[in-house]
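K.L.:
Okay, predicted coordinates and the sequence, questions at the end:
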Amino acid sequence: MSWGRVARNPTLLVKDLGGLALYYPGQALISRVPRPWLGHTARLGGDLVRNVARADIEVARRELRLLFGDRLLPQAEDDILREAWRQTMFNELEVLRYPHLDPAGIDEVCVVEGREHLDAALAKGRGAIVLIGHFGANQMIMPALGHQGYRMNQLSAPPPVWADILRETRTTPLWEKVLARRWELEQRLPVRHINVFKFLRPALQCLQDNEVLGLAFDGGGGRRWTQVELLGRKANVSVQPAQLARKTGAAILPTLVVREPGDRRHRVIIRPPIAVEKTRDRMADLASTMQRFVDVFAEWVERHPAHYVNFLLLRWKVRGTDVVPFFDDYPPLPGGMSSEQAQQHLQWAGDKHQGE
């Protein structure tokens, strides 16, 4: 971590100062802005960030083209990229409002579709895995379900972990303060956070107690991997969700959060459970389960690519510290970590935040 990195990168300085202003003095203001104004604020803020981050735009454009391959985009590229930055800003503003969400007002923020699939899974008494991707405002699943009375758990990494994971390439003192504040706000949600770097016994236990477990299929953690087809690219994903379902008998429910431009509410869409096979070929079963989920997920990416663009950009940026690169087609990265080094690096970063 170095102030020199900030001085050498004016764009990074602008981003971090903007983030600091947003998460500290801005949080009190944004949290009280009438909801109809949120979209206007997000459009202005998203356009401002996009104009500053011109290098990111070109990387995102390339990643989008690779993802779709020969498939037709649902909109012009520039329209998708513009909407992607506006959506990301809208979702960031939602984080600032977490402490003010409650059961009485959650319907003004989220509408849950397919709740009957979750209720049917819980009626079997083996818990339910709401499996998500980093698509749209994916974190809104936590207040949407938690504030409606579901016992919600989320398996993820505390935001401050990223400061240690990216300490040699991205981290600045200002960004650390932003991540710490974001973690404070996330802890105000009606959910039990389960640290992905700790033992997974709490994740197994919550399913055995017939609770809901949320986790993302496209994060960088995990110890066993499989390759899946995601639109026009080959992606490497952890089999952890399939392992948990196989071990506990919990249903895997593909779940997405979608918000059309101009809408004030997010649609939390819970799909019917995917099949989880149990044959003698355990690894083949795990791989098949993950591909089934990705097939459902890909349909939504194809319809709403703006919801996934900034995650594509993030995965490209952290490819040098990933245990397994998310996509197979990343070019070699000089100075990047080996798989073993990346695993040790993630474990080191996770160990520093064991109490969070």
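P.N.:
Nice, thanks for sending it over. Keep in mind that this is a model prediction, so the values were computed, not measured. Numbering: from 1, shown residues only.

K.L.:
Which strands or helices does the helix or strand encompassing Leu66 pack on?
P.N.:
Using DSSP states H and E, Leu66 sits in helix 54-68. Packing contacts for helix 54-68, counted by 3 or more C-beta pairs under 8 Å, 6 or more residues apart in numbering; DSSP states H and E, involve helix 77-96, helix 309-317. For every residue, glycine as well, the C-beta is placed using N, CA and C.

K.L.:
can I get those helices in CSV with mean neighbour count and mean pLDDT?
P.N.:
Formatted as CSV, the helices and strands packed on helix 54-68 follow (neighbours: other C-beta atoms under 10 Å; pLDDT from 0 to 100):
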stretch, mean neighbour count, mean pLDDT
helix 77-96, 20, 97
helix 309-317, 20, 95
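
K.L.:
Please identify which of those helices is closest to Arg267.
P.N.:
helix 77-96 (13.3 Å; C-beta to C-beta).

K.L.:
export the helices and strands packed on helix 54-68 to CSV and tack on distance to Ala28?
P.N.:
As requested, these are exported to CSV (distance: least, C-beta to C-beta, whole Å):
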stretch, distance to Ala28
helix 77-96, 9
helix 309-317, 26
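
K.L.:
looking at these, which is closest to Ala235?
P.N.:
The nearest among those, by C-beta to C-beta, is helix 309-317 at 9.1 Å.

K.L.:
picking that back up, tell me the angle the helix holding Leu66 makes with helix 309-317.
P.N.:
Put simply, helix 54-68 runs at 100 degrees to helix 309-317, going by axes from the mean of the first three to the mean of the last three C-alpha atoms, to 10 degrees.

K.L.:
hmm, what's the outermost residue in the protein?
P.N.:
For the chain, the residue at maximal distance from the C-alpha centroid (C-alpha atoms, centre = their mean) is Arg280, at 32.7 Å.

K.L.:
dump the residue contacts of that one.
P.N.:
Applying C-beta atoms under 8 Å, 6 or more residues apart in numbering to Arg280 gives no contacts.

K.L.:
what pLDDT does it get?
P.N.:
Per-residue pLDDT puts Arg280 at 91.

K.L.:
For the helix or strand where Pro202 lies, buried residues please.
P.N.:
Using DSSP H and E, Pro202 sits within helix 201-208. Residues 202-204, 206-207 are the ones in helix 201-208 that count as buried (16 or more other C-beta atoms under 10 Å).

K.L.:
which outside residues touch that helix?
P.N.:
The contact list for helix 201-208 (C-beta under 8 Å, 6+ apart) reads 126-129, 151, 153, 155, 192, 194, 212-213, 215, 244, 247-248, 250.

K.L.:
Brilliant, that's me finished.
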